Structure formats: C-alpha cells, structure tokens
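In: Sequence unavailable; structure follows:
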C-alpha cells in the first residue's frame with residue numbers, strides 16, 4: 001500500500017513538473033532563439049507560461065488546447081463559462097474548455113464533432129486560427145494566388161495558400177520565422193513557433209496592423225488593397241426579422257418582438273428600416289434564435305454588429321483600381337442588363353461587358369431607376385439633379401466633375417417644350433421622355449397624353465390611355481397637366497420632332513462639351529485636394545460609417561475607383577465621407593465624387609468580386625456600373 005502511494009505521488013510530481021506555469025520573467029532557454037523577443041513578451045504578460053523549472057522549451061510540440069488558450073488570451077476576449085460543450089472530447093472540466101468555447105463562439109475554430117485538444121496543433125491550423133482571430137479571413141480568399149517562397153506551396157489548396165500569404169504579408173508579419181525551403185503545413189507547431197505567431201497577433205491587437213498589396217490587372221490597371229487595424233472590442237450578433245420601406249411598419253414589428261421579451265432595434269440602412277432582435281455574444285446563440293424565428297415564418301438573417309461603429313478606430317478595408325487612360329484603358333458606365341433599365345449585379349454587368357474590372361455606379365430608386373445624371377455613349381438616360389454632383393467622361397477618357405444642369409428640349413417646328421425628366425415616373429404637370437432602354441412600355445397611368453415618335457416623326461398621339469409601348473427605333477413623349485396641353489396643341493401625327501439633350505456646366509468648364517459618358521453621385525468629396533461635402537445629405541449618411549464607393553482623379557491624370565467595405569465589425573467598419581476623402585487623398589486623388597454605397601458597394605476584377613458586400617443576401621443588383629475597358633469601349 002505504501003509503495004502504491006509513493007508511486008502515485010511520484011507520478012503526480014512528474015506531471016506537475018511537465019505543466020507550464022505563469023512567471024513574470026523571461027524563460028532561461030530562449031536566449032538567442034529566433035523568436036526570443038515575442039516569446040519573452042508572452043511570458044512576461046502571462047500569456048505563454050514557463051515550466052516550473054523556469055524553462056520554456058521552445059522546441060517542444062504545442063497542443064491544440066494550449067495554443068487556443070494563448071490565442072484567446074492575447075486577443076483579450078472575455079472568456080465565458082462553458083454551458084454546453086461544442087466537442088465530444090472537450091468536457092466542461094477541461095482546463096482549456098472556456099477558451100475553446102470562446103474561440104468557437106467567435107468563429108476562430110470551426111464546429112466539428114471533435115477537437116482533439118491534446119494533439120499537437122499543425123502549422124497550418126495554427127496559422128488559420130491566427131488569421132481568423134484578427135478578422136482577415138476574407139483576405140485569405142483574395143490572396144490565394146499570391147506567390148509564396150516555399151517549394152511545397154504548389155501542392156497546397158487555395159484557402160491554405162491564402163492564409164499563409166496573409167500571415168506573411170501583414171505589417172508586422174504574423175508569421176515571422178527563419179527562411180525555410182518548405183512550409184510543412186501538416187507538421188506539428190513548436191512552442192517557439194506558436195509563441196511567435198501569437199506574439200504577432202498580440203502586436204496586431206495592441207499596436208495596429210497593415211496589409212497592403214498592389215497587383216497588376218492589365219496594362220494601365222492596378223488593384224491596390226489595403227486593410228488596417230483589428231477589432232478591439234467584442235462584437236454582438238442580432239437576428240434580422242424584417243426590412244420595410246415604412247418606418248411605422250418596422251416599429252410595429254419591433255414592438256411585437258419587445259412584447260415577447262426580445263430586445264429589438266430598428267436600423268435604417270440604404271432606404272430600408274431593418275428590424276433586428278437580440279444582443280447575442282456568440283453566433284451560435286444568434287443562429288439558434290434565427291432558426292426558431294424562421295420556423296415562425298419570419299425572413300431571418302444573422303447579423304454581426306456593434307453598438308457603435310464610430311467609437312473605435314478600425315478595422316477598415318479598402319480596395320482601389322488605379323486606371324491610366326494614357327495606356328489605352330478607360331472607364332464607362334454600363335446599364336444593368338444592357339437592353340433594359342433593370343438592375344443586375346455588378347459582377348454580371350462586368351462579365352456581360354467583358355470588362356477588365358468594374359464597380360457599382362450611381363444611386364438608384366427602389367424601382368431600379370437611376371437617380372441623377374446618367375449618359376452612355378452620348379445618350380442621356382437620366383436627367384441630372386442640379387443640386388448633386390455628376391462625373392463626366394470625355395472621348396479621351398478624361399474625368400470631370402461638376403453640378404451640371406440638363407438642357408433638355410423637344411423641338412417641333414417653331415415650338416419647343418422643356419423636358420422635365422427622362423426614363424422615370426411621370427409626376428404632375430411634367431413632360432417625360434421615354435427611350436427604348438427604359439422598358440417595353442412607359443408604365444404610366446391614364447391621366448396624361450403620350451406622343452409616339454419614330455425616326456423623328458410623330459406617328460400617333462394617345463390621350464388618357466397610358467402605358468404606351470416604346471418603339472425600338474423611337475421614343476415616347478409623355479405629358480400631364482400643362483405638359484399634356486402642350487403635346488395636344490403641338491405634336492400632331494406627322495409632325496417632325498427633334499429632341500435636344502445636353503449637360504451644361506454652370507462653371508463654364510468647356511470639357512463638358514466633350515463628355516460622352518456621365519454618372520451621378522454626390523456629394524463632391526475633393527476639389528483641388530480639399531474636402532468639399534455638403535449637397536444636402538443628412539448627417540446619418542455623411543457622418544456615420546458605411547460601405548462606400550468613390551470615383552476620383554489623381555494629379556497625374558490617372559483615375560481611381562475606390563470601394564470601402566463596411567457594417568462588418570471583424571472585417572471592416574466602413575467610413576464617414578470625410579474618412580473616405582482622406583483615403584482618396586492617401587491614394588493621390590485631388591478630385592473626387594462619392595457614388596452609391598452601402599450594400600451596393602462592389603468591386604469586380606477579372607469577373608471575381610474582390611470585396612465583401614454588406615447586404616445580408618450578398619451582392620446587390622444595381623442600376624448601373626462603372627466598367628474598366630479598353631479605350632475603344634465596352
């Protein structure tokens with residue numbers, strides 16, 4: 001009995017000796033080690049503890065459980081007690097269970113049947129967890145084809161290559177190791193390697209991080225990606241249960257949710273009042289609520305958010321196209337489906353036009369009709385708003401900006417009438433011009449008159465009938481009230497008609513006479529390198545962070561198309577308009593305009609979306625896009 005007791009005591013002492021313990025001094029066996037600096041920081045901070053004999057043992061293998069404990073501690077996430085373990089082999093009593101569950105809840109560890117906590121963590125698993133922990137997962141998909149300095153890189157799957165590329169390219173680098181011929185993705189990671197990786201994460205969280213790359217797309221076109229910072233506060237998850245154009249309807253649903261004991265908020269985004277419930281600390285809790293509400297018939301989405309996007313510095317992710325017209329490339333607007341004014345995704349427009357790259361274009365109504373100026377190949381498809389900025393593109397590819405007015409006239413003999421709008425809903429006393437690209441018919445009501453014009457000749461006048469078919473080789477002039485009286489008295493069948501449409505620059509900029517393409521937006525962001533803003537936009541639009549798209553010109557004449565991701569806490573918060581102007585100046589822009597943003601903000605290169613659109617349903621269909629094409633056009 002005494003022998004058994006002595007043996008048990010000896011085993012316990014050996015096991016204790018093998019367990020790391022926290023200690024405030026540097027370990028004795030890391031002097032001269034290539035990761036000495038980062039190891040020492042983690043030891044001093046109590047993140048990666050030493051063993052009782054004061055050694056760190058940097059060459060020993062590192063278990064998956066211990067690595068996760070280091071990683072979660074370095075990030076500073078609140079560790080919560082385990083309620084229901086996610087893995088069959090990680091009981092609630094396991095010392096690392098709270099850290100593992102925290103990592104699962106934050107999406108750092110994917111869900112699976114088992115976790116294998118005491119198995120050595122492989123090098124690629126450790127890198128993947130580190131990249132996910134700092135919120136750079138999407139960048140791994142973008143950088144999947146980035147060249148790597150390892151002879152075994154060609155055998156790695158794209159997602160693995162992307163993770164390694166991100167870990168190497170960040171400043172400071174997460175993956176900072178001595179040069180080696182191979183990466184050895186499936187080999188166990190040593191404690192020294194793991195400490196170096198976690199030390200990089202700690203530096204990123206506390207001191208900031210930068211990921212920058214410039215990639216040639218084609219001659220005269222470069223893609224610049226820059227991501228800054230790491231989220232330094234816990235995000236929360238909500239469940240979206242409805243989106244309404246009516247605020248009253250949204251508030252009614254929110255009230256019903258509150259009556260059920262569910263916290264509910266109404267977020268106004270991109271013209272919709274979105275009802276969101278709950279304030280969950282993990283995606284798993286939000287997903288459970290989503291499934292329950294989905295069974296009740298609600299259209300549900302899980303949304304990661306923050307209580308405030310403006311109170312912290314980052315993260316922020318921007319992607320820019322730099323286009324050089326001097327090298328035979330230019331930009332031009334393109335309609336949704338090309339044949340009708342129907343919204344399409346930017347990626348679909350890019351593929352249809354065989355563009356080198358593309359971004360979303362100007363603002364548009366819920367109906368899909370463009371708002372503000374739109375001209376394609378000299379044809380005006382939407383009239384300008386004189387209070388909002390417009391970007392014009394000349395035959396030579398020069399981009400100009402101004403608040404233009406529309407000189408829009410219909411001339412019949414000695415008579416002329418002012419056209420109030422083009423390809424949009426007709427309002428009281430207005431004269432509207434409908435072209436074939438609008439739709440098959442005018443979609444008007446019967447309270448007006450419509451003159452059909454083919455080859456410059458009025459072929460018929462339809463009074464109080466509405467919804468007139470638009471001829472493919474002509475147009476329709478639709479009038480209500482005073483405009484109706486003008487059409488009835490002036491445009492008889494057989495009359496010759498000339499339609500005059502021109503954008504006029506109040507500043508007298510003669511370059512607008514050479515403009516063949518134009519797209520609307522606003523407000524003006526930069527004039528001669530100085531921030532402008534204004535144009536009547538609400539503070540909720542200008543001073544809050546949102547996804548953004550902008551068009552600018554550099555001092556050397558190159559064009560910049562900038563897309564900023566937003567509304568995604570771990571990925572990118574978005575920008576205010578002033579922050580957007582600063583980002584453009586950082587790229588060298590001296591003139592710039594804001595375009596449609598929010599869920600519309602999309603950047604496509606080579607047919608592939610290279611940003612992360614913010615809409616719950618993914619990439620949003622848009623009325624028009626700006627495509628980068630050879631100078632002869634799309």
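Out: Right, received. Where do you want to start? Quantities reported herein were computed from a predicted structural model and do not represent experimental measurements.
In: neighbours of the residue nearest to residue 113 when sequence neighbours are not counted, just the number please.
Out: The shortest distance from residue 113 to any non-neighbouring residue, by Cβ to Cβ, 6 or more residues apart in numbering, is to residue 88 (6.1 Å). Heads up, the C-betas are built off the backbone N, CA and C, glycines and all. Counted by other Cβ atoms under 10 Å, the residues lying close to residue 88 total 10.
In: Could you do residue 555 as well?
Out: The burial count for residue 555: 10, using other Cβ under 10 Å.
In: again, but for residue 89
Out: Residues near residue 89, counting by other Cβ under 10 Å: 13.
In: Is it in a helix, a strand, or coil?
Out: coil (DSSP: H, G, I helix; E, B strand; the rest coil).
In: Spatially nearest residue to it (excluding sequence neighbours)?
Out: Closest to residue 89 by Cβ to Cβ, 6+ apart is residue 114, at 4.6 Å.
In: wait, what's in contact with the one you found?
Out: 87, 88, 89 (Cβ atoms under 8 Å, 6 or more residues apart in numbering).
In: quick one: it and residue 175, what's the gap?
Out: 27 Å (Cβ to Cβ, to the nearest Å).
In: wait, the residue nearest to residue 113 sits on residue 116?
Out: No - assessed by Cβ atoms under 8 Å, residue 88 is found out of contact with residue 116, at 10.6 Å.
In: Now residue 340: closest residue in space, sequence neighbours ignored.
Out: residue 439 (6.0 Å).
In: how much space is there between the residue nearest to residue 113 and residue 253?
Out: 40 Å.
In: ok, the residue nearest to residue 340 - how many residues close by?
Out: 18.
In: and it, what does it touch?
Out: 340, 341, 470.
In: between the residues you listed, which is closest to residue 495?
Out: Among those, residue 470 lies closest to residue 495 (Cβ to Cβ), at 18.4 Å.
In: Please name the nearest non-neighbouring residue to residue 574.
Out: residue 566 (2.2 Å).
In: Would you agree residue 462 is in contact with residue 449?
Out: Yes - counting by Cβ under 8 Å, residue 449 is a contact partner of residue 462 at 6.8 Å.
In: Which one of these two is surrounded by more residues?
Out: residue 449 (24 against 18).
In: Please verify my assumption that that one contacts residue 488.
Out: Yes - counting by Cβ under 8 Å, residue 488 is a contact partner of residue 449 at 5.8 Å.
In: Which neighbours do the two have in common?
Out: What both residue 449 and residue 488 touch, as defined by Cβ under 8 Å, 6+ apart, is the set 461, 463.
In: Flag the shaky bits of the chain, pLDDT-wise.
Out: Applying pLDDT under 70 to the chain flags residues 1-27, 633-634.
In: Quick one: the helices in this structure, in order.
Out: All helices of the chain, identified by DSSP state H, fall at 2-18, 36-44, 64-75, 97-105, 123-133, 137-142, 158-169, 191-207, 247-259, 283-295, 346-352, 482-490, 539-542, 577-586.
In: mind putting the ones you listed in JSON lines, mean neighbour count and distance to residue 223 included?
Out: Shown next, in JSON lines, are these (neighbours: other Cβ atoms under 10 Å; distance: least, Cβ to Cβ, whole Å):
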{"stretch": "helix 2-18", "mean neighbour count": "10", "distance to residue 223": "50"}
{"stretch": "helix 36-44", "mean neighbour count": "20", "distance to residue 223": "32"}
{"stretch": "helix 64-75", "mean neighbour count": "24", "distance to residue 223": "30"}
{"stretch": "helix 97-105", "mean neighbour count": "23", "distance to residue 223": "32"}
{"stretch": "helix 123-133", "mean neighbour count": "23", "distance to residue 223": "21"}
{"stretch": "helix 137-142", "mean neighbour count": "22", "distance to residue 223": "9"}
{"stretch": "helix 158-169", "mean neighbour count": "22", "distance to residue 223": "14"}
{"stretch": "helix 191-207", "mean neighbour count": "23", "distance to residue 223": "23"}
{"stretch": "helix 247-259", "mean neighbour count": "15", "distance to residue 223": "38"}
{"stretch": "helix 283-295", "mean neighbour count": "16", "distance to residue 223": "31"}
{"stretch": "helix 346-352", "mean neighbour count": "23", "distance to residue 223": "14"}
{"stretch": "helix 482-490", "mean neighbour count": "17", "distance to residue 223": "48"}
{"stretch": "helix 539-542", "mean neighbour count": "13", "distance to residue 223": "28"}
{"stretch": "helix 577-586", "mean neighbour count": "20", "distance to residue 223": "15"}
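In: Which among these is found nearest to residue 182?
Out: helix 123-133 (10.4 Å).
In: packing partners for the closest one?
Out: Applying 3 or more Cβ pairs under 8 Å, 6 or more residues apart in numbering; DSSP states H and E, one finds that helix 123-133 contacts helix 64-75, helix 137-142, helix 158-169, helix 191-207.
In: redo that, cut-off 6 Å
Out: helix 64-75, helix 158-169, helix 191-207 (3 or more Cβ pairs under 6 Å, 6 or more residues apart in numbering; DSSP states H and E).
In: if we can go back for a sec, for burial, what's the neighbour tally of the residue nearest to residue 574?
Out: 25.
In: For it, give me its contacts.
Out: 545, 546, 547, 572, 573, 574, 614 (Cβ atoms under 6 Å, 6 or more residues apart in numbering).
In: Residue 50 versus residue 34, what's the distance?
Out: Taking Cβ to Cβ, one finds residue 34 at 18 Å from residue 50.
In: start to end distance for stretch 605-624?
Out: 16 Å (Cα to Cα, to the nearest Å).
In: ok, residues contacting it?
Out: 138, 142, 217, 223, 301, 319, 333, 335-336, 343-347, 351, 357, 360-361, 364, 368, 370, 547, 563, 565-567, 571, 599-600, 602-603.
In: sorry, back to before: any chance of the helices and strands packed on helix 123-133 in JSON lines, with distance to residue 295 too?
Out: Formatted as JSON lines, the helices and strands packed on helix 123-133 follow (distance: least, Cβ to Cβ, whole Å):
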{"stretch": "helix 64-75", "distance to residue 295": "33"}
{"stretch": "helix 158-169", "distance to residue 295": "33"}
{"stretch": "helix 191-207", "distance to residue 295": "39"}
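In: Of all those, which one is nearest residue 296?
Out: helix 64-75 (35.0 Å).
In: Between helix 123-133 and the closest one, find me the angle.
Out: 30 degrees (axes from the mean of the first three to the mean of the last three Cα atoms, to 10 degrees).
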